[in-house]
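Participant: Any chance you could fold what I've pasted below:
(2 chains)
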Amino acid sequence: MTIATERLPVVAQATRRRASLSALLDRQDVFSWLMMALPLAFLAALVGYPFFYGILLSLEDRPVAHAGTFVGLRNFVADAHDPVFWQVAANTFIYTGAATLLKMVGGLGLALAMNQHFRMKNLVRAVLLLPFIVPTVLSTVAWLWMLDPAFSVVNRLMVALGWPRPGPSWLGNPTLAMVSIIVINTWRGLPFYGISLLAGLQAVPADLYEAASIDGAGGWARFRFITLPMLRPIILIVTLFSVIFTFADFQLVYVLTHGGPANATQLFATYAFDIAMNGGQLGLGASVALAMLPALALLIVLLTVYLRRE
Amino acid sequence: MTGPATDHATTRRGFLKLAAAGTAAATLSRPNPAGAEGKTITILHESSFIKPFDEYVTNTLAPAYEKATGIKVNYEVTSVGSLPTRISTIAETGSGADISMNGLLQVIQFSNKYLDVDDIASDVGKAQGGWYDAGKEAVVVDGKWKAIPFANIGQLMNWRTDWFAEVGVKKFPETWDELYEVGKKLKAKDHPFGFELGHGFGDNHGWLYPLLWSYGGAEVAADGKTVTIDSDETARAVDFCRKFFKDTMLDDALGWTDVSNNKAWMAEQISCTNNAESILWFAKREFPDIGKVTDQAMNPAGPKGRFHLLNDISHSIFNFSPVKEEARAFMRWLMDPKQLGGWYAVADSYYQPLLHGYDNAPMWKVEPRNLPYRDALANAHLPGWPAPASRQMAESVAKYVVVDMFAKACSGTSTKDVIKDAAAQLKDIYRSA
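Facilitator: Okay, here's the model as predicted:
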């Protein structure tokens, strides 16, 4: 008995502690923070730290392998005076705008087509994902060959049809070079749009269409008043992702043209890389890379507001 | 030592501490070369177009050095074009390699992370016929040797002897104007020229800076501060380049990167280009018929002379390396004629030695068509010549200022405008000098 009475408080205490711990874990706010701690730590280390370090760098004159000196906004002022910077900014907007629009329209078309019933539907759907799955550098090298006037299928076809040899210079002509990178980006990003929108399409209840048909709605009206509104949230999300990735695109341009001819295809990411890595001006390079941020943020806010209001 | 040792050894923790200290002391006090055992020197190199060159280090040099000294040599190869990024990472983090290869302007960019190697450079120079001036141009920073020159990868003219013969030309033209006339005739016969005007990393600078210099132009004065691009000489070079492009070349050259002219050469699309020896090397091995009709020549001369781009590579030792002294010893060993000669020889003469001792080495007899690459060293310079190497020069190269000046003229912009743009960009860059 004496032993038991001595032990009881200890057991009770432990039980109480356990109870309080499980009660603590039961609290939603505590548990959710606990679950988020690891991803947050990852984000802080892999995204947060480089981001804030990038901001610090952009405010310094920081030649590679040398200590930096704080220069305030001087790098950004230098960017503003650099004619190539403005050319790069224009290129990036044109590239992102055109490629995103093409992907959106093309992706919707693709999704609508894929939503029909036909033989080997699943196989075709899987194959369509290929451009998205193949590593960008690999597919871009394939494009590099396809756009070479000597080897290009397109040029051979055009020459066979009577176009003067050797046919258009896809990467040598400044305008065609921009068109080429937009087309390749669209080719690569189309499946992402297509498959995401297809998922959205399949979630549209069939009875809505039936009801509309009974009310006498034609194909266009069904698309305009049922499909499109139902897809809007997905279009918003996919477009956001697409804009972010296209705006900051690097690999495609780096492999295909390296920004040439004469900066006609130079984008923020490739220009920043050249200045920071090949030119060794880490501060100036960081300022070019960060210059993307306000534009990108504004674009995303506008897009969100617009699509929400609709 | 014995007194306190007995005291400490009485406890288990004390014993462990003592054992660890003893091992450390024993390791530190072991005399060389035994102390070198188990050490590793990592040397970073850009992947070579000439495969046997890299293989020679891993299969011959590294094992030989390990056998002789017990030190392991780790030869780390990075892909072409990624060397600046790799050195930046190593220099910024203070770890990753002990020795690095440098390209074009990397010595000046990283010089404060490199050891002075005056002693090695001067001994090697004395022993092997003295250094070429071109060898010093890229590695001596503020009077100190920050790297040991290894070789130049010359950028010269590659031409098709059979097609040139079709228009009656047996010997490569001496001047840009003569080359232009030949090019016009060859383009008419569907054998255009192709010189890179896009954003590659070498074949564009390789002929455009020499063209600019040969007309008397330069991006900056010898003081390294005064931008001199806006001149009549530059205008004449730009005018020449525009008509040279329009009347002799494939349109596609405007968007070319470094692989493009090699590809066009092997596809028999072009009759003349500016490239390193690799075109002939590759053609001889993979397309022997093309190899037979490929010849090489020095760049043509302009009104102000004949020039070439210095495209040298060198080796530096990082000053934070934990095996600095071992790395020095290794560099001395590597630069010994026995090792150096063998390494040069496996690549024919793709790497042109910067030591006069090799001027008549057997490597030059293997392929006499490579001899112009040796002779071109006499007037080879860094992109910002006549200014000394500088960080500003590296920025100008990375931004393709001079390349784009010519490229924009070729795609139709007026000479006045392209020079004005280049001058504005260069003034911004050199302002900090």
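Participant: Wait, residue B:197 touches residue B:251, no?
Facilitator: No. Contact criterion CB atoms under 8 Å: residue B:197 and residue B:251 do not qualify, at 10.2 Å. Using the backbone N, CA and C atoms, a C-beta is placed for each residue, glycine as well.
Participant: Which one's more surrounded, these two?
Facilitator: residue B:197 (30 against 20; other CB atoms under 10 Å in any protein chain shown).
Participant: so where do the strands sit in chain B?
Facilitator: With DSSP state E, the ranges of strands along chain B come out as B:40-46, B:72-78, B:99-102, B:140-141, B:144-145, B:148-152, B:156-160, B:272-275, B:294-297, B:308-309, B:312-317, B:352-353, B:380-381.
Participant: Mind giving me the packing neighbours of the last one?
Facilitator: Packed against strand B:380-381 by the contact rule (3 or more CB pairs under 8 Å, 6 or more residues apart in numbering or on different chains; DSSP states H and E) you find helix B:133-137, strand B:308-309.
Participant: The same query, at a cut-off of 6 Å, please.
Facilitator: Applying 3 or more CB pairs under 6 Å, 6 or more residues apart in numbering or on different chains; DSSP states H and E, we find strand B:380-381 packed against no helix or strand.
Participant: How about the second one?
Facilitator: Using 3+ CB pairs under 6 Å, 6+ apart as the contact criterion, the elements in contact with strand B:72-78 are strand B:40-46, helix B:62-69.
Participant: Next, count neighbours for residue 278.
Facilitator: Here I'm looking at chain A. Neighbours of residue A:278 (other CB under 10 Å): 25.
Participant: actually chain B
Facilitator: By other CB under 10 Å, the residues close to residue B:278 number 16.
Participant: And stretch B:349-369, end to end?
Facilitator: 10 Å (CA to CA, to the nearest Å).
Participant: And the residue of the stretch 301-433 of chain B closest to chain A?
Facilitator: residue B:398 (3.3 Å; CB to the nearest CB).
Participant: quick one: the helices in the stretch 201-310 of chain A?
Facilitator: A:206-214, A:219-222, A:228-247, A:251-256, A:268-273, A:282-290, A:292-309 (DSSP state H, counting those that start in this stretch).
Participant: how about a markdown table for those helices, with mean neighbour count and distance to residue B:130 added?
Facilitator: Shown next, in a markdown table, are the helices of the stretch 201-310 of chain A (neighbours: other CB atoms under 10 Å in any protein chain shown; distance: least, CB to CB, whole Å):
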| stretch | mean neighbour count | distance to residue B:130 |
| --- | --- | --- |
| helix A:206-214 | 11 | 87 |
| helix A:219-222 | 11 | 83 |
| helix A:228-247 | 17 | 54 |
| helix A:251-256 | 21 | 41 |
| helix A:268-273 | 24 | 40 |
| helix A:282-290 | 25 | 38 |
| helix A:292-309 | 13 | 51 |
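Participant: any chance of those helices in CSV, plus distance to residue B:48 and mean pLDDT?
Facilitator: CSV is the format used below for the helices of the stretch 201-310 of chain A (distance: least, CB to CB, whole Å; pLDDT from 0 to 100):
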stretch, distance to residue B:48, mean pLDDT
helix A:206-214, 63, 89
helix A:219-222, 62, 88
helix A:228-247, 35, 89
helix A:251-256, 21, 92
helix A:268-273, 24, 95
helix A:282-290, 28, 95
helix A:292-309, 36, 82
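Participant: any chance of those in CSV, plus distance to residue A:51?
Facilitator: As requested, the helices of the stretch 201-310 of chain A are exported to CSV (distance: least, CB to CB, whole Å):
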stretch, distance to residue A:51
helix A:206-214, 44
helix A:219-222, 45
helix A:228-247, 14
helix A:251-256, 21
helix A:268-273, 14
helix A:282-290, 9
helix A:292-309, 9
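Participant: out of the ones you listed, which comes closest to residue A:178?
Facilitator: helix A:251-256 (10.2 Å; CB to CB).
Participant: which residues make contact with that closest one from outside it?
Facilitator: A:136, A:137, A:140, A:144, A:181, A:265, A:267, A:270 (CB atoms under 6 Å, 6 or more residues apart in numbering or on different chains).
Participant: closest to residue B:149 among these?
Facilitator: Comparing the contacts of helix A:251-256 against residue B:149 with CB to CB places residue A:270 closest, at 31.6 Å.
Participant: measure that closest one to residue A:20 for me?
Facilitator: 56 Å (CB to CB, to the nearest Å).
Participant: related to what we said a few turns ago, of the strands of chain B, flag the one that's most buried.
Facilitator: Most buried of the strands of chain B by mean neighbour count (mean count of other CB atoms under 10 Å in any protein chain shown) is strand B:308-309; its value is a mean of 28.
Participant: what helices or strands is that one leaning on?
Facilitator: Against strand B:308-309 (3+ CB pairs under 6 Å, 6+ apart) you get helix B:205-214.
Participant: For residue B:274, which residues count as its bridge partners?
Facilitator: With DSSP bridges as the criterion, residue B:274 is bridged to residue B:157.
Participant: need the contact list for it.
Facilitator: Counting by CB under 6 Å, 6+ apart, the residues that residue B:274 touches are B:155, B:157, B:195, B:206, B:207.
Participant: Let me know the pLDDT of the spatially closest residue to the last one that is not a sequence neighbour.
Facilitator: What sits nearest to residue B:207 in space, not counting adjacent residues and going by CB to CB, 6 or more residues apart in numbering or on different chains, is residue B:274, at 3.8 Å. Predicted confidence (pLDDT) for residue B:274: 97.
Participant: so who does residue A:25 touch?
Facilitator: So residue A:25 contacts residue A:31 (CB under 6 Å, 6+ apart).
Participant: Roughly how far does it sit from chain B?
Facilitator: 39 Å (CB to the nearest CB, to the nearest Å).
Participant: Sticking with that residue, tell me its helix or strand.
Facilitator: Taking DSSP states H and E as the definition, residue A:25 sits inside helix A:2-26.
Participant: Centre of the chain to the following helix or strand past that helix, how far?
Facilitator: Next along the chain after helix A:2-26, taking DSSP H and E as the criterion, comes helix A:28-43. Relative to its parent chain, helix A:28-43 has a centroid offset of 25 Å by CA atoms, centre = their mean, to the nearest Å.
Participant: bridging residues for residue B:145?
Facilitator: Counting by DSSP bridges, residue B:145 forms beta bridges with residue B:140.
Participant: Chain B contacts on the stretch 151-300 of chain A?
Facilitator: Taking CB under 6 Å from any CB of the partner chain as the criterion, the stretch 151-300 of chain A approaches chain B at residues A:169, A:171-172, A:174, A:177, A:257-262, A:274, A:277-281.
Participant: Just the buried residues out of those residues, in ChimeraX syntax.
Facilitator: This is the ChimeraX syntax for the buried subset of those, where burial follows 16 or more other CB atoms under 10 Å in any protein chain shown:
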select /A:169,171,172,174,177,257,258,259,260,261,262,274,277,278,279,280,281
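Participant: Against residue B:176, how distant is residue B:409?
Facilitator: Counting by CB to CB, the gap from residue B:409 to residue B:176 is 15 Å.
Participant: Have a look at the two and say which one is more surrounded.
Facilitator: Applying other CB under 10 Å to residue B:409 and residue B:176 shows that residue B:409 carries more neighbours, namely 25 against 22.
Participant: Touching, residue A:287 and residue A:75? I think so.
Facilitator: Yes. Contact criterion CB atoms under 6 Å: residue A:287 and residue A:75 qualify, at 3.7 Å.
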